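Asker: What follows is a protein structure lacking sequence information:
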């Protein structure tokens, strides 16, 4: 097995890595670190949670250890699409550069310019920024990029989704043409390859492709409800599950505050996290959640990106994600480090059913159904031999299948829910939702600790076809 000592890192850095409790590199670290130390450009593909951040921060620490920065002239630049990801990268440098004298600055929105200006005036070896805030500083003449030796573009696919690529191009025009560029994306498709041509020169292509599986430590369930009953159903699940702490995911930013208010009005302490909040408000919400002052955090995929909460007991999908891969990332936040976790998804209409079918096909297993008031018993246990068969199966009626296992009171509740469902369906069929558009920022897929990885280093077939 490869060790960090085999990758060409300095003894000083190896001591820092060991003191942080890391023993062996992940696949993306094993492939990337030696190439980066050689000074080559890299075009890398790896999901967040695979050790990707350390795959570039570790070699950068050794490279930058020789020399010091001048005032307002950073020696390296790391661009990320969100504040949370930028903070995560900053924390990685803090963690591993403890035995080095490197300086850094974090330029993100929600923090006063004065504080950031002071850091830049002292000179920084590492500048970590979101594109918008960096452009603000550039326009004010507070930072110059002519001394940048290493450029990192992290989460390029998210940059593209959020419309930041033009900003990134504007920034890179101010950089020296002779530099090392590290370009990372969760996926490498035609569009990303085309965009990368504007930034990298003869890059080493490193692709770590995850198999989308879910950890055995996470129990997964779907709970059938109606659009009008979703809030009630969620509260019943939270109560019956005796939740210690949980993430609750919504697809739309505007629903987050509404759901948080609904939970608070019903005696459930909750905080929310979304892209329109100031940085101080975000920090306050996260601090309350991490300190167990509130046990529920309502968030979008966007705002939750890069946030890792140890020992999370539950994940609730108030809205089923339209992208099956997002489901894997969401529920991967619980059931970590050998702990058990649970994930519940509310299915309220035909679109949700279709989304669940796609998820089951991706993960290769059928997700059982439960009743919101009786989560200890599933209402649909019939396993399918292949996930594809789920696409043709209608979800079982929660009330009907669990009636024989309930008390008379529970049967009455289930009957009322069934009648409400029938009345709602009779009035109008569910309107098809527009595809979710990411607003402002996207969230970080969590570490899928149960995933296995396939390692490939190649030039894509379609590029070979073009040059033939």
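Answerer: Yep, it's here. Model, not experiment: these values are computed from the prediction.
Asker: which stretches of the stretch 101-250 of the chain form strands?
Answerer: In order along the chain, the stretch 101-250 of the chain carries the following strands (DSSP state E, counting those that start in this stretch): 104-107, 126-129, 150-153, 180-185, 204-210, 218-224, 246-249.
Asker: CSV for the ones you listed, including mean neighbour count?
Answerer: Heads up, the C-betas are built off the backbone N, CA and C, glycines and all. Below are the strands of the stretch 101-250 of the chain laid out as CSV (neighbours: other Cβ atoms under 10 Å):
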stretch, mean neighbour count
strand 104-107, 24
strand 126-129, 26
strand 150-153, 23
strand 180-185, 23
strand 204-210, 20
strand 218-224, 22
strand 246-249, 26
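Asker: quick one: which of those strands is nearest residue 197?
Answerer: strand 180-185 (10.0 Å; Cβ to Cβ).
Asker: and the closest one, what other elements does it pack with?
Answerer: In terms of contacts (3 or more Cβ pairs under 8 Å, 6 or more residues apart in numbering; DSSP states H and E), strand 180-185 is packed against helix 27-37, strand 42-45, helix 52-64, strand 150-153, helix 156-161, helix 190-196.
Asker: before we move on, the earlier item: okay if I get the strands of the stretch 101-250 of the chain as a markdown table plus distance to residue 90?
Answerer: Putting the strands of the stretch 101-250 of the chain into a markdown table (distance: least, Cβ to Cβ, whole Å) gives the following:
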| stretch | distance to residue 90 |
| --- | --- |
| strand 104-107 | 5 |
| strand 126-129 | 5 |
| strand 150-153 | 13 |
| strand 180-185 | 16 |
| strand 204-210 | 23 |
| strand 218-224 | 29 |
| strand 246-249 | 23 |
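Asker: wait, which of the ones you listed is closest to residue 2?
Answerer: If you check each of those against residue 2 by Cβ to Cβ, strand 204-210 wins as the nearest, at 14.1 Å.
Asker: Show me what that closest one pairs with in its sheet, parallel or antiparallel.
Answerer: Sheet pairing of strand 204-210 (DSSP bridges) gives strand 42-45 (parallel), strand 453-456 (antiparallel).
Asker: That strand - what's its average pLDDT?
Answerer: Along strand 204-210, the predicted confidence averages to a pLDDT of 85.
Asker: Kindly report the same for stretch 102-115.
Answerer: Mean per-residue pLDDT for stretch 102-115: 93.
Asker: Give me the contact list for that stretch.
Answerer: Counting by Cβ atoms under 8 Å, 6 or more residues apart in numbering, stretch 102-115 makes contact with 61, 64-65, 69, 74, 83, 86-87, 90, 93, 116, 119-120, 122-130, 132-134, 136-137, 140, 142, 278-280, 282, all of which sit outside it.
Asker: Could you do stretch 24-44 as well?
Answerer: Judged by Cβ under 8 Å, 6+ apart, the contacts made with stretch 24-44 from elsewhere in the structure are 1-4, 7-9, 46, 50-52, 54-56, 58-60, 62-63, 180-185, 188, 193, 196, 200-208, 453, 455, 457.
Asker: And those residues, which of them are buried?
Answerer: Applying 16 or more other Cβ atoms under 10 Å to the contacts of stretch 24-44, the neighbour count classes 4, 7, 9, 46, 50-52, 54-56, 58-60, 62-63, 180-185, 188, 193, 196, 200, 203-208 as buried.
Asker: what's the burial count for residue 280?
Answerer: The criterion is other Cβ atoms under 10 Å. On that basis, residue 280 has 10 neighbouring residues.
Asker: so which strand or helix has it?
Answerer: If you go by DSSP states H and E, residue 280 is part of helix 279-290.
Asker: Residue 271 sits in which helix or strand?
Answerer: strand 270-273.
Asker: Could I get the average pLDDT for that strand?
Answerer: Confidence for strand 270-273, expressed as mean pLDDT, is 94.
Asker: packing partners for it?
Answerer: The criterion is 3+ Cβ pairs under 8 Å, 6+ apart, and the helices and strands that strand 270-273 contacts are helix 253-265, helix 279-290, strand 296-299.
Asker: right, so these: which one is the most enclosed?
Answerer: strand 296-299 (a mean of 25; mean count of other Cβ atoms under 10 Å).
Asker: Just checking, which helix or strand succeeds it along the chain?
Answerer: As assigned by DSSP H and E, the chain's next helix or strand after strand 296-299 is helix 301-304.
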